[in-house]
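**Q** Have a look at this prediction, sequence included:
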Amino acid sequence: MSKTASFKPIRKAVFPVAGLGTRFLPATKSIPKEMLPVVDKPILQYAVEEAKKAGIEHFVFVTGRGKTVIEDHFDIAYELEQTLEQRQKTDVLDRLRSDLPEAGQISYTRQQSPLGLGHAVWCARDIIGNEPFALLLPDMLMKSDTPCLKNMMDLYAEKGGNIISVEECAPEDASKYGIVQFETESDGAMKITDMVEKPAPGTAPSNFFINGRYILQPEVFDLLGEKKRGAGNEIQITDAMLRLIKDQEFHAVTFTGQTFDCGSRLGFLQANLAYSLDDSDLRPQIQKMLENLNDENQPQKRHAAAS
């Protein structure tokens, strides 16, 4: 494919945020898991900022019951802004305002039944229309100097088609993930030829796993609309991509930053620690806290302190 080719721009991004967050109960009984904070920002806001930096103009949230706080977060809070103005907290006020998308840049649709990720994406079909779009799983927090989606957009500008973000895992861990099979093209690009969901140990075609960022062509909606059930008796996006790959090209971008699975308690805690250490005000305190914890967990030091 010529690097001078012109492809339809990626203007819209879908964020599936209808999950129940059962692994974080009781915290998520009243707070959507996507709104749990990593340091001082909700998990979801990190994904929105990543999309914004990549040039996304329209943000589509697929929500469910009890998720109205997401709409409130991405709206103007008049009373709060007035209070901040009165107290002359202009730096905080400016930050709040800069975080807000422009009027008309956000759409919401509901996934009434928990029928899987593929079904959640399908719920956004009328908002996306006949355009290629980005799909970001907010649980997967991607930390890097250049946003993951930006690198994907750059490759899309060269290759078109469908782009998937992947990263390497230890070969012995490949059975835990969705793994891609690929061939290297003459220009070094990775062309995906197959995908395998959680392959049996020792059978994985590679050790590159899909990590939650996609650029997809709108034809995927037709396949998802057939509502064929896959793993877990749910409509899976991977199944639709496996069918689409027969007719359209798929390429991979290798993500080399840090990925935190904030859908798990451990990943959520790791993300908070990593982003805290990036904060110049918090870093010394966090480092001291970790040193103290390490000292307390060493029996010899505890014994010396006691004596």
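**A** Received the coordinates, thanks.
**Q** What residues does the closest residue in space to Gly129 that isn't next to it in sequence make contact with?
**A** Nearest non-adjacent residue to Gly129, counting by CB to CB, 6 or more residues apart in numbering: Pro218, 7.1 Å away. In short, each C-beta sits where N, CA and C put it, glycine included. Taking CB atoms under 8 Å, 6 or more residues apart in numbering as the criterion, Pro218 is in contact with 125, 128-133.
**Q** Return the distance of Pro218 relative to Phe7.
**A** 13 Å (CB to CB, to the nearest Å).
**Q** Glu219 too?
**A** Taken as CB to CB, the span from Glu219 to Phe7 is 14 Å.
**Q** Repeat that for Lys143.
**A** Here Lys143 is placed at a distance of 28 Å from Phe7 (CB to CB).
**Q** more crowded one of those two?
**A** Using other CB atoms under 10 Å, the more surrounded residue of Lys143 and Phe7 is Lys143, with 17 against 14.
**Q** Quick check, pLDDT for the more buried one.
**A** As predicted, Lys143 sits at a pLDDT of 95.
**Q** Go ahead and confirm it touches Tyr275.
**A** Yes - under the criterion of CB atoms under 8 Å, Lys143 makes contact with Tyr275 at 7.4 Å.
**Q** Between the two ends of stretch 174-189, how far is it?
**A** 22 Å (CA to CA, to the nearest Å).
**Q** Could you do stretch 170-188 as well?
**A** Terminal residues of stretch 170-188 are spaced 22 Å apart (CA to CA).
**Q** can you check stretch 252-262 too?
**A** Start-to-end, stretch 252-262 (CA to CA) is 23 Å.
**Q** Would you mark the buried spots in it?
**A** 252-253, 255, 259-262 (16 or more other CB atoms under 10 Å).
**Q** Distance to Asn207, pLDDT and secondary structure for these - can I get that in a markdown table?
**A** Output for those, formatted as a markdown table (distance: CB to CB, whole Å; pLDDT from 0 to 100; DSSP: H, G, I helix; E, B strand; the rest coil):
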| residue | distance to Asn207 | pLDDT | secondary structure |
| --- | --- | --- | --- |
| Ala252 | 13 | 95 | strand |
| Val253 | 16 | 94 | strand |
| Phe255 | 14 | 95 | coil |
| Thr259 | 15 | 95 | strand |
| Phe260 | 19 | 95 | strand |
| Asp261 | 17 | 94 | strand |
| Cys262 | 23 | 95 | coil |
